[in-house]
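> need coordinates for the following:
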Amino acid sequence: MIIQLENNIKTTDLERLRNSLDAVQYQCTEVNTQFQKYIIGVGKKEFDIRAIGTLPGIQDIHRVSDAYKLVSKKWRVDDSIVDLGNDVKIGTNHFQIMAGPCSIESEAQIESTLAHLLENNIKIMRGGVYKPRSSPYSFRGLGQEGLVLWAKKAKEVGIKIITEVMMTDQIDAMLPYVDIFQVGARNSQNFNLLDALGKVDKPVMLKRGISGTINELLQAAEYIFSNGNEKIMLCERGIRSYETAYRNTLDINAIPILKEKSHLPVIVDPSHGIGLRKHVTSVAMAGVIAGADAVIMEVHSNPAKAFSDGQQTLDYSESKRAFKGLIDCYQLRERL
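Okay, the predicted model is just below:
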């Protein structure tokens with residue numbers, strides 16, 4: 001059960017509500033976000049919720065049977081829109097493309113990528129400054145120094161940035177510079193990190209775990225929301241299967257299912273999903289037709305010389321065609 005509270009609810013009314021929930025043997029948890037105050041009630045006893053809903057200080061009350069309650073679509077009819085400012089929004093009717101290199105490598109690379117994105121009217125640049133790599137000997141990013149430089153260059157031209165945070169103790173240092181925190185597949189069930197990101201007022205894109213189920217992804221998002229941050233996006237990036245012909249198995253089915261189960265925006269990552277450059281655009285287009293609110297993809301001026309993930313990264317000419325194709329797919333979907 002989700003109880004939406006009036007933001008100015010009196011202490012006495014809140015205490016009365018808690019006592020009423022105790023009387024029907026419901027455990028209650030208070031959640032305060034950027035936008036709303038909630039009480040999450042969990043219990044097994046059936047009762048007439050009108051007895052609770054008519055109490056003073058309550059805006060609305062909803063029965064939600066899902067284990068993930070706040071991110072469920074069963075109580076919020078309108079889809080959530082993540083607003084990055086400067087008229088850059090992600091969600092239903094606000095399609096976006098996020099593009100850039102796997103790793104931030106140099107000042108020249110940042111400037112080149114930003115110029116390419118500006119030329120193609122792309123408003124969000126992706127890139128990694130802290131890179132989780134399978135081998136400890138691989139390039140692992142430029143760190144905080146690279147982030148500060150990148151953020152300065154991006155802000156100068158009005159482009160938002162998304163980058164991965166790997167540990168809780170990186171959050172405070174990164175906070176002034178990022179527009180979207182990315183939680184990678186390896187950290188999708190790092191509950192300490194999710195709890196901490198729930199306490200910041202900055203959007204979070206949460207990737208599905210390497211072998212994670214849809215339910216596990218939604219439960220992970222619930223950790224962030226229940227700690228106070230409603231600005232969450234879900235990302236389908238492919239899961240590990242027995243198939244070896246491509247990098248991951250991109251679950252196109254997950255996109256409409258997530259849109260059905262949750263009010264949060266859904267993003268598709270075709271670069272990690274298939275891991276083969278020549279097929280990235282086709283897979284991305286399939287994701288858009290399936291209902292994705294945004295695409296995040298890897299782009300580099302010279303993928304053959306990229307420090308990481310060159311095999312799945314589009315060059316500038318390829319990505320320019322991809323951007324146009326994705327916009328065309330989105331416009332076609334809207335007409336269907």
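> state the distance from residue 2 to residue 151.
The gap separating residue 2 from residue 151 is 36 Å, by C-beta to C-beta, to the nearest Å. The C-beta positions use only the backbone N, C-alpha and C, and glycine is treated the same way.
> residue 237 now?
Residue 237 sits 24 Å away from residue 151, taking C-beta to C-beta as the criterion.
> the more surrounded of the two?
Ranked by neighbour count (other C-beta atoms under 10 Å), residue 237 and residue 151 place residue 237 first, with 25 against 20.
> residues near the closest residue to that one other than its chain neighbours, how many?
Once flanking residues are discounted, residue 237 sits nearest to residue 269: 3.9 Å by C-beta to C-beta, 6 or more residues apart in numbering. Other residues within reach of residue 269, judged by other C-beta under 10 Å, total 29.
> residue contacts, residue 269?
Residue 269 makes contact with 207, 235, 236, 237, 238, 295, 296, 297, according to C-beta atoms under 8 Å, 6 or more residues apart in numbering.
> swap the cut-off to 7 Å and go again
By C-beta atoms under 7 Å, 6 or more residues apart in numbering, the contact list for residue 269 reads 235, 236, 237, 296.
> mind putting these in JSON lines, pLDDT included?
Formatted as JSON lines, these follow (pLDDT from 0 to 100):
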{"residue": "235", "pLDDT": "98"}
{"residue": "236", "pLDDT": "98"}
{"residue": "237", "pLDDT": "97"}
{"residue": "296", "pLDDT": "98"}
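> quick one: the helices in the protein, in order.
Counting by DSSP state H, the chain has helices at residues 11-23, 50-53, 107-119, 143-157, 171-174, 191-197, 214-226, 254-261, 270-274, 277-290, 316-335.
> which other helices and strands contact the third one?
Read that as helix 107-119. Counting contacts by 3 or more C-beta pairs under 7 Å, 6 or more residues apart in numbering; DSSP states H and E, helix 107-119 packs against strand 124-126, helix 143-157.
> tell me which of those sits nearest to residue 330.
Of all the helices and strands packed on helix 107-119, it is strand 124-126 that lies closest to residue 330, at 15.1 Å by C-beta to C-beta.
> tell me the mean pLDDT for the closest one?
Averaged across strand 124-126, the pLDDT comes to 98.
> then stretch 175-190?
Averaged across stretch 175-190, pLDDT comes to 97.
> do the same with stretch 77-87
Stretch 77-87 comes out at a mean pLDDT of 96.
> likewise stretch 261-276?
Mean predicted confidence for stretch 261-276 is 97.
> what number of residues lie near residue 157?
For residue 157, the count of nearby residues is 12 (other C-beta under 10 Å).
> which ones are touching the nearest residue to it once chain neighbours are set aside?
Once flanking residues are discounted, residue 157 sits nearest to residue 114: 5.4 Å by C-beta to C-beta, 6+ apart. The contact partners of residue 114, by C-beta under 7 Å, 6+ apart, come to 125, 153, 154, 157, 159.
> swap in residue 296?
Shown in contact with residue 296 (C-beta under 7 Å, 6+ apart): 98, 126, 235, 267, 269.
> specify the beta-bridge partners of it.
residue 98 (DSSP bridges).
> how far away is it from residue 316?
Separation of residue 296 from residue 316 (C-beta to C-beta): 17 Å.
> which of the contacts of residue 269 sit farthest apart?
Between all members of the contacts of residue 269, the farthest pair (by C-beta to C-beta) comes out as 236 and 296, at 10.3 Å.
> how about residue 138: what's its closest non-neighbour residue?
Nearest to residue 138 is residue 308, by C-beta to C-beta, 6+ apart, at 6.8 Å.
> what's the neighbour count on the one you found?
When counting by other C-beta under 10 Å, one arrives at 20 neighbours for residue 308.
> report the contact partners of it.
102, 103, 131, 138, 139.
> check residue 112 too.
Residue 112 sits next to residue 301 when contact means C-beta under 7 Å, 6+ apart.
> any idea how far residue 323 is from it?
For residue 112 relative to residue 323 (C-beta to C-beta), the value is 16 Å.
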